[in-house]
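[1] just need the structure, nothing else, for what follows:
(3 chains)
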Amino acid sequence: MTSESRVSRSDLLRLLTEACELEHGLACSYLYSAMTLRQQPEIEGLTSSQALLIRQWAAQVYFVASQEMLHLAQAWNLLTALGGTPYYLRPNFPQNSKYYPLHMRLALEPYGERALERFVGYEKPIELLKEHAFAEDLVKPREEDGSADFRSVGELYGMIEKGIVELPEAIIGEPAAQVGPDLIDFPDLVRVTDVNSAIEAIHRITGQGEGTQQDRTDCHFGIFVALLAALKDERAKTPHFEPAHPAMTNPATDTSEAYGAPHASLIQEPFAVDVARLFDGLYSLMLRMLSYTFAPCGAMDLRRTFGELAILLMATVLKPIGEVLATLPAGGGSDRTAGPPFGLTRHVLLPVDANSACILVAERLSELIAEAETLASFPKAPASFGRIVGAFKRLQDLLDGARSTKVEASKIVK
Amino acid sequence: MTAKSSIPTNETFDVVIVGSGVAGALIADALSQDDVRVLLLEAGETGIERQDMVLRWAQASVKGLGTPYTPSDPAKVPGPEQPANENDRKNARDVYYDQTNSPEKYLSTYERRVGGSTWHWLGHTPRLLPNDFRMESAFGVGADWPIRYSDLEPWYCKAERALGVAGDDAEWNDVHGAFRSQPFPMSKIWPSWSDVQIARKLKDVEISGQQVSVLSTPSARNSQAYDGRPPCSGNASCVPICPIGAKYDASVHVKKAVQKKAVLRERCVVTRLEVEADKTVHRVHYKQWDGLSGTAWGRIVVIAANAIESAKLLLLSAGPNAEKGIANRSDLVGCNLMDHLQKAVLATSREPIFPFRGPPSTSGIETFRDGSFRERRAAYRLSLGNDGWSRAGSPYNDVVRLVRDESMFGADLRARLFHDVSRQVRISCSVEVLPNPENRVTLSDQVDSFGVRRPAIHFVTEPYTRTAFGPALDTIAEILRIIDASPVSVDRDPLHYTGAGHVMGTCRMGFDAATSVVDQNCVSHDHPNLYIVGGSTFPTCGTANPTITIAALALRAAGNIAATLPRFPVLPAKAHP
Amino acid sequence: MKKEIKDQGHHPLTVPADKIKGFLRLSQALTACELDPVLAGTYFVRGQQAFGAQFEALINQFETLTSQVRTPAFVIRQHIFPDPTLGPIAKAILLLWYIGAIQNTSTGDWQIESADDYYRALVWDAIGAHPPTLSNGYFGHWKYPPEM
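    Numbers count the residues shown, from 1 in each chain, chains lettered A, B, ... in the order given. The predicted model follows:
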């Protein structure tokens, strides 16, 4: 496909799914590294000054991750506006560098200079790419099939924007199906109802990622550049300064899963494996709820409830479990800690029917709570695990509360 | 940026600015943009690195507003937050202000350092309301400003962009008629869990016949990376210091100004201004910390030293050509000192609301900031606290009580502590004060540790303000009832209030030289090249935190300064002082 | 009296480990928390400085009674807290862990020795929050309940 020929709707949908996979993969990468940053200075002998720095760095990376999630949500809105549905699959880690034309190796790595250099590369705007360490890989065009060729995330969105502008009647999705801040806690989420709002949405994404030619400071690229410099500074002062737990790279609980990637690091210590599986189960449930919120035909109240639940799950359960995993020994002779695998496994989408969807979520949540309670009762369970169970139960209460206000099954968005 | 004894002490600049707080910093930056030669004089210093200030505060046994900012030599720049003598720390304010003849104590204080009091402000930036600018016309009280809300509105937008203000456009457009012509530069600071619960319960509720809504408070606090500073991560320490610079402080614009070649001289205490025969004020005399004296000469001189210090300086400069002080033919310099007077109501909610997280306040109730009642009594603004009963010493006092009085320990103590503290609620009211010429700053006969006369303050509240506390507390009581929270004992005495840190008045703006100090462009009526900026110039104060209004006025004044600069010739080299 | 900014992560242990063990056991019984042995060393020294011989008497009493097959909680509740001399010291130790400070009985001021003491005070975690200036969060986290 050359740049002359117009991009079709199915081309656009496919490009957007690539964008979704990328944003999703980036979000997980960033989250992983943030979760490995140390939290208990008194145990690990860090000074208060270092503790302050580390938590400030963690806050910045979590912030960037939250914006990637916003970008993913925005891409879902774009998909629905074009007549598609939200796409949240992605290859498991580590991702083959040849998987995208981008040639970026997406990986789960503990916070450190290598991870930060990688992050700088992901967000780097095209004209600065030549200076980058991974430049060789990053600018190599793909030889295989005739799919679109892009060398940076910014270019990918550029192609999507051009395609939308040139496609007659691009926006065919129902406006009421679009998700705005009233349905989920993303204050800057744009509802895509016409070509202008589609362009606005795309510009926001690229502005936050690689910035603009005039200003590269406040975007993700600028933030990671600054974080990398700060880490190097601190290392120059204290050579053995280690802000992160020694978590594995690309942990997995099972390397033979359907979406599994070869070359993952297997977690072997049984307790850590169970906690990692719990993490993956929660992660998957969260994605299914988000998918319901963003799909064009769910019941409005339930879309809102699942949106709230998914965010609460992420903030109050997934995040602390991920952080616990970064402290648990991986076992199997490794000197590393486990880390959260973000493993996507086989599952079904939630049904459109509100009652059925609630039943599935409530049952799955109960199962996961039961698993968590069991794990919390183990002697080697860290103290925070009990609290995580508490947060979990609060989610269950929220869901029960929403169900008891009689969500009408027939309240389907027209 | 350290002051050296060998720096030139007789220099000429296009503009000399006294004070590097938010007003001085913004003006220095705006002017330096256009190759105007600016000197920024600061009595205080830059101090140590931010992180070190945080650690200094963390390890302090007594933690106050000024704790992170202890000057390297406090005797050189004493102030209401920094005593010359460390033993006076707990009553620094009373050691500095001379209030022996004051019926009530003026309670608000400020910092004398590069960046000024914005280092420890909360960061809230609600605008003044249209009626706040026309109190006399609308309600027959106070005074009218010589400008309207609509005159200042475009400058509010610019100020919000300069400071980096986060807010919600949908919520705030047209609140009490305050229209917004530009969106906020950033989307709002997220409300706290507590705010959300309260807002839910107050939905569709009316109190005193008015719809009560909870609005996110616009703040100069980043909700995303902005201007090279990170987003807020909820360190909950805005007052007194943001460890990461997500909250704006004026050192931001001081740095920008210096990058654009403005000259910053810190540790220079300005002691006197001098009037020329032609009524211009060009000479600014200062004394450095090391004892050496200096004089700077400016084509235009800007006084930006906060309402108390600016008035003090103008009065100190009395002499031939200026018997009552500089810019004081009206005899109003120092008069009409104002503050916002506050009361906090502490309560216990039925359900946990998880305080001590996030900025100390993220939402408020703007409903009662305007209305016809202002003919009879003051307006008030309500803010929802996220900081539990910290004003009463929580959470430390709670642990002490449970351990000492109830002999609790172990898991029981932990559970009980969580149970009690997680339910701590605070709702505060902030009441406006009318300008009153009797509320004034004069010069004490006593000098401070640097040999400069201390500010003497006379302050008294009027029935207009005192009678507003009752309705404000009643409203809070009603809100607490609706949200199922029970107040701890409420002090209804109108003489028991706290200061907001909003030092305003003393050099007010007006059309008439007989009843004001500066004109609508912040130029002294008496001296064509003398600007006075900042909270000093407010004729009335409404119920809004003053900083964004100060910033808007400063940017507007900078435009005027640039435009009028050509009128004032560069001093010929021969005539150098 | 100006303090240098003290920010030491490692407090050199000059006190014999076995004495600290007793103190650590007492502290863990008082707080029901997993405690950092290094911090315990620092607090041991502070306890000695503040309370002198009675401090060690408290630890000895606790060790003796708990070795007589009585649970630590029982010992604290029935023997230590009611004791007119040892009770206030035990409570002061508990408060030291929770607040990071010891109260000066003559001035009434609470004395913190270093930034570490402030940050490691147990009270913040107990209430589901964090020491101001060291939030464990990210933008917006205050909208959701704490990870409790």
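[2] and whichever residue of chain A sits closest to chain C, how far from residue B:232?
    Residue of chain A nearest chain C, by C-beta to the nearest C-beta: residue A:62 (3.5 Å). (Each C-beta comes from the backbone N, C-alpha and C, glycine too.) As defined by C-beta to C-beta, to the nearest Å, residue A:62 lies at a distance of 12 Å from residue B:232.
[3] name the residues contacting each of the two.
    Counting by C-beta atoms under 8 Å, 6 or more residues apart in numbering or on different chains, the residues touching both residue A:62 and residue B:232 are residue C:139.
[4] compare these two (neighbour count), which wins?
    Higher neighbour count among residue A:62 and residue B:232: residue B:232, with 32 against 25, using other C-beta atoms under 10 Å in any protein chain shown.
[5] my guess is residue A:187 contacts residue B:189, does it?
    No. The pair residue A:187 / residue B:189 is not scored as a contact, 10.1 Å apart, by C-beta atoms under 8 Å.
[6] looking at the two, which has the bigger crowd around it?
    residue B:189 (32 against 17).
[7] which SS state does that one fall under?
    Following DSSP: H, G, I helix; E, B strand; the rest coil, the label given to residue B:189 is coil.
[8] again, but for residue C:56
    Three-state call for residue C:56 (three-state DSSP): helix.
[9] run through the residues that contact it.
    Counting by C-beta under 8 Å, 6+ apart, residue C:56 has contacts C:19, C:48.
[10] going by neighbour count, list what's buried in stretch C:110-122.
    Of all the residues in stretch C:110-122, those buried under the rule 16 or more other C-beta atoms under 10 Å in any protein chain shown are C:110, C:112-122.
[11] residues from the stretch 51-200 of chain A in reach of chain B?
    Within the stretch 51-200 of chain A, the residues that sit near chain B (C-beta under 8 Å from any C-beta of the partner chain) are A:52-53, A:55-56, A:59-60, A:62-63, A:67, A:185, A:187-188.
[12] average pLDDT across stretch B:467-474?
    Stretch B:467-474 shows a mean pLDDT of 98.
[13] likewise for stretch B:397-410?
    Mean predicted confidence for stretch B:397-410 is 97.
[14] quote the end-to-end distance of that stretch.
    17 Å (C-alpha to C-alpha, to the nearest Å).
[15] can you give me the buried ones in it?
    Quick answer for stretch B:397-410 (16+ other C-beta under 10 Å): B:398-400, B:402-404, B:407-410.
[16] tally of neighbours for residue B:432?
    Neighbourhood size, residue B:432 [other C-beta under 10 Å]: 26.
[17] give me the neighbour count for the residue nearest to it when sequence neighbours are not counted.
    Spatial nearest neighbour of residue B:432, chain neighbours left out: residue B:378 (4.6 Å); criterion: C-beta to C-beta, 6 or more residues apart in numbering or on different chains. Around residue B:378 there are 28 other residues, counting by other C-beta under 10 Å.
[18] ranges for the strands of chain A?
    Remark: strands assigned in chain A by DSSP state E are A:251-252, A:265-266.
[19] just these: most buried one?
    Greatest average neighbour count among the strands of chain A goes to strand A:251-252 (a mean of 28), per mean count of other C-beta atoms under 10 Å in any protein chain shown.
[20] just the pLDDT for residue A:300.
    89.
[21] flag the shaky bits of chain A, pLDDT-wise.
    Along chain A, segments meeting pLDDT under 70 span A:1-5, A:40-44, A:96-104, A:127-150, A:213-214, A:256-261, A:405-414.
[22] show me how it divides into domains.
    Structural domains assigned to chain A are A:1-244, A:255-414, following automatic domain parsing.
[23] now distance to residue C:87 too, for the ones you listed, in TSV please.
    What follows is the domains of chain A, written out as TSV (distance: least, C-beta to C-beta, whole Å):
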stretch	distance to residue C:87
domain A:1-244	27
domain A:255-414	28
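[24] quick check: which of those is nearest to residue B:23?
    Residue B:23 lies closest, by C-beta to C-beta, to one member of the domains of chain A: domain A:1-244, at 25.6 Å.
[25] picking up where we left off before, by neighbours, which of the residues of the stretch 51-200 of chain A next to chain B wins?
    Those, ranked by neighbours (other C-beta under 10 Å): first place residue A:67, 28 neighbours.
[26] hmm, that residue is touching residue A:208, no?
    Yes. Between residue A:67 and residue A:208 a contact is recorded at 5.3 Å, counting by C-beta under 8 Å.
[27] with adjacent residues omitted, what lies nearest to whatever residue of chain C ends up closest to chain A?
    Relative to chain A, the nearest point of chain C is residue C:138 (3.5 Å; C-beta to the nearest C-beta). Spatial nearest neighbour of residue C:138, chain neighbours left out: residue A:62 (3.5 Å); criterion: C-beta to C-beta, 6+ apart.
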